[in-house]
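Peer 1: no sequence for this one, just the structure:
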């Protein structure tokens with residue numbers, strides 16, 4: 001499990017990061033408070049030939065499902081919107097051995 005870090009916390013917005021994620025990695029879940037909502041997802045790094053990033057959500061911490069982004073699965077660096085909401089979220093990486101991603105989630 002890739003540890004989650006807090007990059008920015010202003011009281012109105014927070015930016016969380018999961019760094020150097022590789023194939024098969026899942027990020028430490030982020031539990032949302034009652035007033036938090038997704039603002040944007042930023043992904044940087046090497047996707048290789050077949051890397052995929054999914055943001056997963058769960059309302060019970062046992063079963064995890066892919067959340068819907070504006071383009072579906074993320075296969076290239078960029079900034080994306082997430083359409084679904086869940087009590088807990090985490091990034092998950094799949095694909096080839098040459099994948100190495102940094103993931104940033106802005107919430108507010």
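Peer 2: Perfect, thanks for sending it. As the structure is a computational prediction, the values presented were derived from the model and not from experiment.

Peer 1: which ones are touching residue 67?
Peer 2: By Cβ atoms under 8 Å, 6 or more residues apart in numbering, the contact set of residue 67 is 54-57, 82-84, 86, 89. Yep, even glycine has a C-beta here, placed from its N, CA and C like the rest.

Peer 1: Would you work out how far apart the start and end of stretch 16-30 are?
Peer 2: 9 Å (Cα to Cα, to the nearest Å).

Peer 1: Report the buried residues of it.
Peer 2: Within stretch 16-30, the residues scored as buried using 16 or more other Cβ atoms under 10 Å are 16-19, 21-23, 25-27, 29-30.

Peer 1: Pull the residues that contact that stretch.
Peer 2: Contacts for stretch 16-30 (Cβ under 8 Å, 6+ apart): 1-7, 45, 51, 53, 56, 58, 61, 88-97, 99-105, 107.

Peer 1: Quick one: mean pLDDT for it?
Peer 2: Mean per-residue pLDDT for stretch 16-30: 97.

Peer 1: Also stretch 82-90?
Peer 2: Stretch 82-90 comes out at a mean pLDDT of 88.
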